[in-house]
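Novice: Quick one, what's the 3D model for this:
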Amino acid sequence: MPDQRQHPRIRKHLFTAVKWYDEEGEINGADIGETLDISTGGILVRTEAPLPFKARLTISLAMEDEIIKLEGEVIRLERESDQHTLMGLRFVNVDGQTGQALAKALEDK
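Specialist: Residues are numbered from 1 along each chain as shown. Modelled structure (predicted):
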């Protein structure tokens, strides 16, 4: 079955920091993880402490010599056998400048 993703995935290992928020917009916690793949639409992160499904968060990606900050939402959770969890995060509210910086960083793979 062919991959029907809207945005092609690129395998890339990045240091990823996330902060998630409660319904009132207050910071509910923070964690770090390792990005396994990324596209202009989202990322797959491997972490020890998964966030709740549909949690809203900010994502900081260390891309080459800059940090790209994005907003996101948890759309997938999959437990691995080694006590890690894979989290699929969809980017939301990406402005033009941030989207361009992300696209350029992905081109430079």
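
Novice: Okay, and residue 62 sits in which element?
Specialist: Under the criterion of DSSP states H and E, residue 62 resides in strand 56-63.

Novice: now the next helix or strand after that strand: how far from the chain's centre is it?
Specialist: Later in the chain than strand 56-63, the nearest helix or strand by DSSP H and E is strand 66-79. Its chain's C-alpha centre lies 2 Å from the corresponding centre of strand 66-79 when counted by Cα atoms, centre = their mean, to the nearest Å.

Novice: CA atoms of strand 66-79 as PDB?
Specialist: C-alpha atoms of strand 66-79 as PDB (Å, rounded to 0.1, in the frame of the first residue of the first chain):
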ATOM      1  CA  GLU A  66      18.900  27.500  14.600                       C
ATOM      2  CA  ILE A  67      16.000  26.600  16.900                       C
ATOM      3  CA  ILE A  68      12.600  26.400  15.100                       C
ATOM      4  CA  LYS A  69       9.600  26.900  17.400                       C
ATOM      5  CA  LEU A  70       6.200  25.500  16.300                       C
ATOM      6  CA  GLU A  71       2.800  24.800  17.800                       C
ATOM      7  CA  GLY A  72       1.500  21.300  17.600                       C
ATOM      8  CA  GLU A  73      -1.000  18.700  18.700                       C
ATOM      9  CA  VAL A  74      -0.600  15.100  19.700                       C
ATOM     10  CA  ILE A  75      -2.400  13.000  17.100                       C
ATOM     11  CA  ARG A  76      -0.800   9.500  17.600                       C
ATOM     12  CA  LEU A  77       0.500   7.500  20.600                       C
ATOM     13  CA  GLU A  78       2.100   4.100  20.200                       C
ATOM     14  CA  ARG A  79       3.800   2.300  23.000                       C
END
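
Novice: In contact with the most centrally placed residue in the chain, which residues are there?
Specialist: What sits nearest the mean C-alpha location of the chain, by Cα atoms, centre = their mean, is residue 43, with 4.0 Å. Residue 43 sits next to 16, 35, 37, 59, 61, 72, 88-89, 91 when contact means Cβ atoms under 8 Å, 6 or more residues apart in numbering. All C-beta spots, glycine's among them, are computed from the backbone N, C-alpha and C.
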